[in-house]
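**Q** model this:
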Amino acid sequence: MSDKPEMVRLAPPDTLDMPIGEAMFTQRAIRRLDPGRPISDEQLRTILDAGSKAPNGANLQPGRFLVVRDRERIRKFGALYHEAWWAKRRDEYGWSSKADIPEGSPYRMPALLADEMVDAPAVILAFSLPSGVAASSTFPAVQNILLAARALGIGSVLTTLHPDVMDRVYAMFGVPPEMVFHCCIPLGHPRGRFGPTARYPTSHTTSWDDWGSRPPWE
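**A** All right, here's what the predicted structure looks like:
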């Protein structure tokens with residue numbers, strides 16, 4: 001993949017007709033995915049084309065995306081994801097099973113994904129070429145991917161892995177060692193519904209001119 005192809009200009013596809021405001025304000029982390037409803041190659045192309053249109057530093061376009069569709073590979077990856085999810089909880093809280101998660105913990109819902117990744121209809125792993133703009137030029141593409149999926153009625157969530165499994169993930173998919181891993185995006189039609197979501201008001205999370213000074217809409 002070192003040869004650089006000629007750049008192309010893409011027109012927005014007709015399938016991405018959801019207003020951007022609706023996509024943004026009804027997007028949410030979808031962790032319960034319907035394994036019985038497949039995602040088509042054309043839908044995946046639309047999602048990835050949307051990702052390619054995101055801004056990036058100096059138009060270097062370092063992001064590289066691995067799409068996993070093969071059921072057996074997803075099952076094997078899902079087992080590694082399960083191990084990674086619990087490794088993170090072990091490091092942070094000393095938890096090793098769902099019985100350790102306190103009642104009311106925000107991790108109770110994310111724990112579902114640890115079990116369900118094995119049945120995701122598709123998984124996208126986001127990498128980048130090693131460069132000074134690796135992360136800052138890859139995550140805008142990731143957000144475009146999430147929004148495009150929402151516009152197509154496909155659920156998604158941004159999640160990460162753990163150092164305990166990274167060597168095995170790279171080996172499983174033949175990823176060159178110099179590639180920088182950023183995140184994992186399972187995709188599937190939701191068992192449930194999209195937004196609206198509850199968030200802190202921006203008057204609480206925004207400073208105005210000086211740190212701690214509230215914006216005029218408080």
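
**Q** Where is the longest strand in the chain?
**A** strand 180-188 (DSSP state E).

**Q** Flag every buried residue along that strand.
**A** The neighbour-count check on strand 180-188 (16 or more other C-beta atoms under 10 Å) flags 180, 181, 182, 183, 184, 185, 186, 187, 188 as buried. (Glycine included, C-beta is placed from N, CA and C.)

**Q** if we take those, which one ends up nearest to residue 85?
**A** Distances from the buried residues of strand 180-188 to residue 85 were compared by C-beta to C-beta; the smallest belongs to residue 184, at 10.5 Å.

**Q** excluding its backbone neighbours, what's nearest that closest one?
**A** residue 159 (5.1 Å; C-beta to C-beta, 6 or more residues apart in numbering).

**Q** isn't that neighbour right next to residue 187, touching?
**A** No. With contact defined as C-beta atoms under 8 Å, residue 159 does not count as touching residue 187 (11.8 Å).

**Q** which residues does the residue nearest to residue 122 when sequence neighbours are not counted bridge with?
**A** Nearest residue to residue 122, sequence neighbours excluded (C-beta to C-beta, 6+ apart): residue 187, at 4.5 Å. Judged by DSSP bridges, the bridge partners of residue 187 are residue 122, residue 156.

**Q** Make CSV out of the buried residues of strand 180-188 and add pLDDT and distance to residue 110.
**A** What follows is the buried residues of strand 180-188, written out as CSV (pLDDT from 0 to 100; distance: C-beta to C-beta, whole Å):
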residue, pLDDT, distance to residue 110
180, 96, 24
181, 97, 19
182, 97, 18
183, 97, 14
184, 98, 13
185, 98, 14
186, 98, 12
187, 98, 17
188, 97, 16
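
**Q** Would you point out the most distant pair within those?
**A** Checking the buried residues of strand 180-188 with C-beta to C-beta, the most distant pair is 180 and 188, at 26.0 Å.

**Q** Look up which helix or strand residue 113 falls in, please.
**A** helix 110-116 (DSSP states H and E).

**Q** which helices and strands does that helix pack with?
**A** helix 71-93 (3 or more C-beta pairs under 8 Å, 6 or more residues apart in numbering; DSSP states H and E).

**Q** correct me, but residue 202 touches residue 218?
**A** No. In terms of C-beta under 8 Å, residue 202 does not count as a neighbour of residue 218; the distance is 9.3 Å.
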